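# give me a model of this one.
(chains A and B)
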There are 2 protein chains.
Amino acid sequence: MKKQNVRTLSLIVGTFTYLLVGAAVFDRLESLTAEHKASILSKIEKQWMAKHGVSSEDYRIMEVIVLGGVPRKAGKQWKFAGALYYATTVLTTIGYGHSTPNTIQGKIFTVIYAVVGIPLCLVLFHSIGERLNKVFSMIIRGIKKILKLKSVDVTDVDLILAVTTCSTITITAGAAVFSSIEQWTYFDSVYYCVITLFTIGFGDMVALQKDKALENPGYVALWLVFILFGMAIVAACLNLFVLRLVTMNTEDERRDEAEALQAAAGAVHLEGDVITANGSILSIGDPDTRSLGKADLGSTTDMDSVCSCNCVQCSLYALGFSRGRFKYPL
Amino acid sequence: MKKQNVRTLSLIVGTFTYLLVGAAVFDRLESLTAEHKASILSKIEKQWMAKHGVSSEDYRIMEVIVLGGVPRKAGKQWKFAGALYYATTVLTTIGYGHSTPNTIQGKIFTVIYAVVGIPLCLVLFHSIGERLNKVFSMIIRGIKKILKLKSVDVTDVDLILAVTTCSTITITAGAAVFSSIEQWTYFDSVYYCVITLFTIGFGDMVALQKDKALENPGYVALWLVFILFGMAIVAACLNLFVLRLVTMNTEDERRDEAEALQAAAGAVHLEGDVITANGSILSIGDPDTRSLGKADLGSTTDMDSVCSCNCVQCSLYALGFSRGRFKYPL
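Take a look at the predicted model:
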């Protein structure tokens, strides 16, 4: 099996293992508390129903009213500021789900808005990330010059360290701000920032939902800037990590490619039938084989235009992306 | 201003405009319905309270009980299958939020689990996406050979079309399956699949939450495979789009780089003070300037190792990533 396939399979197995281990830990950490909470709630529920003489049926109606009314408690979710907040959670894929469309038209527009907007948002984050990396490179080079280090080159490890530090500062500083405005504990704020900036967005903790905060344009703007800047820096950090890892696959691709080129250069053209070592006869004169042979030669010629630079192994190629004269070796 | 900065600024302005337009449309589509729903709920709430003689205070207690009990209705959320479901929504960043950790330990573990696992999951999607692109390239090339087209090369447009088609098929076919199992309308299922596979994950519609579905291992496994395969194909599609767009920036970088090299090649070394055209005196003998000059020359030599291939413009470079001998031009 090709090395790349083995690696993909190992990644699948690794991720599933990670999921299973995670599930076991979450089960252990949360299961008892959840059951305990459920039994207490169930007891209070029965007491409450007995106290007010409410039937099970009436209780169900009550549940529907309460659950339907949740978003309303937080202020006008669909007036402009709320709608902007919602649009931001769609574009960034945070998707808290604190307010979701109720109309068919709203759902259709959400689908179209997401499909068009998410790539735009990803390009924006790439672009900001790339500009940030430039700035970091300048700063790191400056520091190395001041420290009079032998080499002032910026390595990928330098950059990953710088971006990770900046992400950590963004999360911890952001958590301090939200903790003071939203009256959350500092730890809860850190949890909120991580869940938000990694775009998980559970919606168990949502900023801008207390005291009609959505009607305070200053706080809405602060949140928006924090989210866009914070996500750009976290995305830049993730990109650097991921690209560091995916380049491994590309190196294998390039090795295969080089071998294919070498093999093609050393290939001998055969006309007529060929008797192989085990006595079987291969008919080279067969039209299908001939056309295949031609096609193969064609693609070998194409291979001349394959990148042979000494650079970062062309991650587009790692992602299976071609452009212009660049061809896919099959 | 540098072209790349102008492009980043345009992207920021463009994204904000897109957000504002989206907010205006969502406001128009949802605002009235939401207000109407809220007023009806408020009326029923008052009627219900009057009918059962429940005070406002008792009603608030009731709300807490109902809201706290929601996850419990869907079966055991934190037993192994539920915990696996939760872990998957964390790793993939879907984050429905249908069940969230209640304990401090659960929250801490979620943060660590996400920070370590999300890059792993991204690498997995990249890897599957890249294998898929290989398969698509083979199929496209095969079809072109059968159709006896002049060129059998696989272009990026071919690949984007193929991956987009495959994403659409995945979403529509997945929607059909969920529609029949979860008893949702077909349109709601499409909405669910888009919101899930683009990792928005509102949590307004969550599979595996009815009739103790979490206790059915077959359905849990089906969901897991659909999510991982579906997300890989949608991610591959988004990657191709985004990389097609970010390569524009890289082309500018390469142009700047070529200009810098050209300028460096034509540079003349000056010793002592230089009188400029406007009569001011530049002291080249200044130690700081001298060391800067040396450093600059050093980096110009380094530039020799900068990629000069004719390939896809090295998207790693577009993302500000360096490795080995590759250096950042500042």
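
# in the stretch 151-300 of chain A, which spans are strands?
For the stretch 151-300 of chain A, the strands defined by DSSP state E, counting those that start in this stretch occupy A:273-275, A:281-283.

# tell me where chain A is predicted with low confidence.
Flagging of chain A using pLDDT under 70 yields the residue ranges A:69-75, A:248-253, A:266-330.

# pop the domain breakdown of it in here.
Domains of chain A are assigned by automatic domain parsing as A:1-54, A:75-243, A:267-318.

# need those in JSON lines with mean neighbour count and distance to chain B, can you?
Quick note: C-beta positions are derived from backbone N, CA and C, even for glycine. Converted to JSON lines, the domains of chain A look like this (neighbours: other CB atoms under 10 Å in any protein chain shown; distance: least, CB to the nearest CB, whole Å):
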{"stretch": "domain A:1-54", "mean neighbour count": "16", "distance to chain B": "4"}
{"stretch": "domain A:75-243", "mean neighbour count": "20", "distance to chain B": "3"}
{"stretch": "domain A:267-318", "mean neighbour count": "14", "distance to chain B": "3"}
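
# could the ones you listed go into TSV alongside distance to residue B:238?
Putting the domains of chain A into TSV (distance: least, CB to CB, whole Å) gives the following:
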stretch	distance to residue B:238
domain A:1-54	19
domain A:75-243	6
domain A:267-318	14
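
# what's the closest of the ones you listed to residue B:193?
Residue B:193 lies closest to domain A:75-243 among the domains of chain A, at 9.6 Å (CB to CB).

# mind checking how far the closest one is from the chain centre?
Relative to its chain's centre, domain A:75-243 lies at 13 Å (CA atoms, centre = their mean, to the nearest Å).

# now do stretch A:26-37
The answer for stretch A:26-37 is 29 Å, by CA atoms, centre = their mean.

# so the residue nearest to residue A:20 when sequence neighbours are not counted, which state does it fall into?
Closest residue in space to residue A:20, ignoring its immediate chain neighbours: residue B:84 at 6.9 Å, by CB to CB, 6 or more residues apart in numbering or on different chains. Secondary structure state of residue B:84, per DSSP: H, G, I helix; E, B strand; the rest coil, is helix.

# same check, this time on residue A:102
Per three-state DSSP, residue A:102 ends up coil.

# residue contacts, it?
B:30, B:33, B:34, B:37 (CB atoms under 8 Å, 6 or more residues apart in numbering or on different chains).

# may I ask which two of the residues you listed are separated the most?
Across the contacts of residue A:102 (CB to CB), the longest gap, 9.9 Å, separates B:30 and B:37.

# pick the one among the contacts of residue A:102 closest to residue B:226.
Of all the contacts of residue A:102, residue B:30 has the smallest distance to residue B:226: 29.1 Å, by CB to CB.

# between the host helix or strand of that closest one and helix A:3-52, how many degrees?
Residue B:30 belongs to helix B:3-52 when assigned by DSSP states H and E. Per axes from the mean of the first three to the mean of the last three CA atoms, to 10 degrees, the angle that helix B:3-52 makes with helix A:3-52 is 30 degrees.

# quick one: helix B:3-52 to chain centroid distance?
Relative to its chain's centre, helix B:3-52 lies at 23 Å (CA atoms, centre = their mean).

# closest one to residue B:187 among the domains of chain A?
It's domain A:75-243; of these, that one is closest to residue B:187 (CB to CB) at 7.2 Å.

# now for the host helix or strand of residue A:120, which elements pack on it?
Using DSSP H and E, the element containing residue A:120 is helix A:104-146. Where contact means 3 or more CB pairs under 8 Å, 6 or more residues apart in numbering or on different chains; DSSP states H and E, helix A:104-146 is packed against helix A:80-91, helix A:156-182, helix A:217-265, helix B:3-52, helix B:186-197, helix B:217-265.
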